[in-house]
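J.: Following is a predicted model, sequence given first.
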Amino acid sequence: MKRKICELLLIIVFYVLQCTAGRVLAIGGISPNFLIIIPVLFGFLNGKTEGIYTGFVCGIIYDLFSYSIIGLSSIAMMFIGYFAGCFYQKYEEKEFLMPIAMVGAGDFIYGFLSYVVNFLLHNKLDVLYYLKRFIMPEVVYTVIVTIAIYRIIVFLNRHFEGKERKRAIEYDQGNI
């Protein structure tokens, strides 16, 4: 339960970062997508269920506070967290490249889905312009931010995992 509360607090902190520091750090009007980092990394580090949970919460928070279509971001981030969770236990957390590449791929998919729903369905068909001007710069910027904070999230995950394991051992000892 403590883990879920701490994850929720981390999601809220990342949302506040996206709304405040993201605008300050914007380069050419492009800011990193902090909220896509959490479902991908937690899915990669803890499995599909954790990726789905964090993706849903990140998406709902994003939808409620900044989007007009409620549910689009939550569904997209849930799927992205799920697919990141498919690589759970196939790679170690020391391997740096795979989770970073998954964050880039997840941000690309999320940006493209946003383009389809918000622009393509409204007859704005310049895909290459949107790809070059918005999606790819955001992907690069999000990957750079992920490189900077990856070790912190791995440390927090290991800290929560250690406490859960310790609590499970203490609970098991009474049932001998």
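T.: Arrived safely, thanks for sending. Residues are numbered from 1 along each chain as shown.
J.: what about T54, how many neighbours?
T.: If you count neighbours by other C-beta atoms under 10 Å, T54 ends up with 29. The C-beta positions use only the backbone N, C-alpha and C, and glycine is treated the same way.
J.: which of the residues in the helix or strand hosting it are buried?
T.: For T54, the host element (DSSP states H and E) is helix 48-66. Buried positions in helix 48-66, judged by neighbour count with 16 or more other C-beta atoms under 10 Å: 48, 50-63.
J.: which one among those residues gets closest to Y129?
T.: Y62 (24.1 Å; C-beta to C-beta).
J.: wait, what's in contact with L25?
T.: 31-32 (C-beta atoms under 8 Å, 6 or more residues apart in numbering).
J.: May I have the phi/psi pair for it?
T.: phi -80, psi 0 (degrees, to the nearest 10).
J.: Using PDB, list the CA coordinates for the helix holding T54.
T.: Output in PDB follows, covering the C-alpha atoms of helix 48-66 (Å, rounded to 0.1, in the frame of the first residue of the first chain):
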ATOM      1  CA  LYS A  48       2.800  -5.500 -16.900                       C
ATOM      2  CA  THR A  49       0.500  -4.900 -14.000                       C
ATOM      3  CA  GLU A  50       2.600  -2.100 -12.600                       C
ATOM      4  CA  GLY A  51       2.900  -0.500 -16.100                       C
ATOM      5  CA  ILE A  52      -0.900  -0.700 -16.600                       C
ATOM      6  CA  TYR A  53      -1.600   0.800 -13.200                       C
ATOM      7  CA  THR A  54       0.900   3.700 -13.500                       C
ATOM      8  CA  GLY A  55      -0.200   4.300 -17.100                       C
ATOM      9  CA  PHE A  56      -3.800   4.500 -16.200                       C
ATOM     10  CA  VAL A  57      -3.200   6.900 -13.300                       C
ATOM     11  CA  CYS A  58      -0.800   9.100 -15.400                       C
ATOM     12  CA  GLY A  59      -3.300   9.200 -18.200                       C
ATOM     13  CA  ILE A  60      -6.300  10.000 -16.100                       C
ATOM     14  CA  ILE A  61      -4.400  12.900 -14.300                       C
ATOM     15  CA  TYR A  62      -3.200  14.200 -17.700                       C
ATOM     16  CA  ASP A  63      -6.700  13.900 -19.100                       C
ATOM     17  CA  LEU A  64      -8.500  15.500 -16.200                       C
ATOM     18  CA  PHE A  65      -6.300  18.500 -16.000                       C
ATOM     19  CA  SER A  66      -5.200  19.300 -19.500                       C
END
